[in-house]
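K.L.:
Quick one: sequence and predicted model below, then my questions.
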Amino acid sequence: SVALRVSPGARAYYDRQRARGVGYNTALRQLANRLVGILHGCLKTGTPYSETTAWSHHAQSATA
């Protein structure tokens, strides 16, 4: 997935799924679902995509 190469947030999300023992295809599907959710939020609010905003919740959970 291109997102894994260009988005640190997407890469971290995918890596966390894999670390939990989730298989490759399942982890990619979960990442795709998350990206669709982010896109939906952007379209709903008319907000441009922001890497920081999109993944901030997951970054905070990882450090907590």
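P.N.:
Nice, I can see it.

K.L.:
Look up how far residue 57 lies from the most centrally placed residue in the chain.
P.N.:
Taking C-alpha atoms, centre = their mean as the criterion, residue 10 is the residue nearest the geometric centre of the chain, at 4.0 Å. Distance, residue 10 to residue 57, using C-beta to C-beta, to the nearest Å: 14 Å. Using the backbone N, CA and C atoms, a C-beta is placed for each residue, glycine as well.

K.L.:
helix or strand for the closest residue to the residue nearest to the centre of the chain other than its chain neighbours, which one?
P.N.:
Excluding the flanking residues, the one nearest residue 10 by C-beta to C-beta, 6 or more residues apart in numbering is residue 3, at 4.1 Å. Assigned by DSSP states H and E, residue 3 belongs to helix 2-6.

K.L.:
Now do the helices in this protein.
P.N.:
Counting by DSSP state H, the chain has helices at residues 2-6, 8-19, 24-45, 51-63.

K.L.:
Just say which of those is most tucked in.
P.N.:
helix 8-19 (a mean of 17; mean count of other C-beta atoms under 10 Å).

K.L.:
Can you name every helix or strand that that helix contacts?
P.N.:
helix 2-6, helix 24-45, helix 51-63 (3 or more C-beta pairs under 8 Å, 6 or more residues apart in numbering; DSSP states H and E).

K.L.:
Since that was my last question, I'll sign off now.
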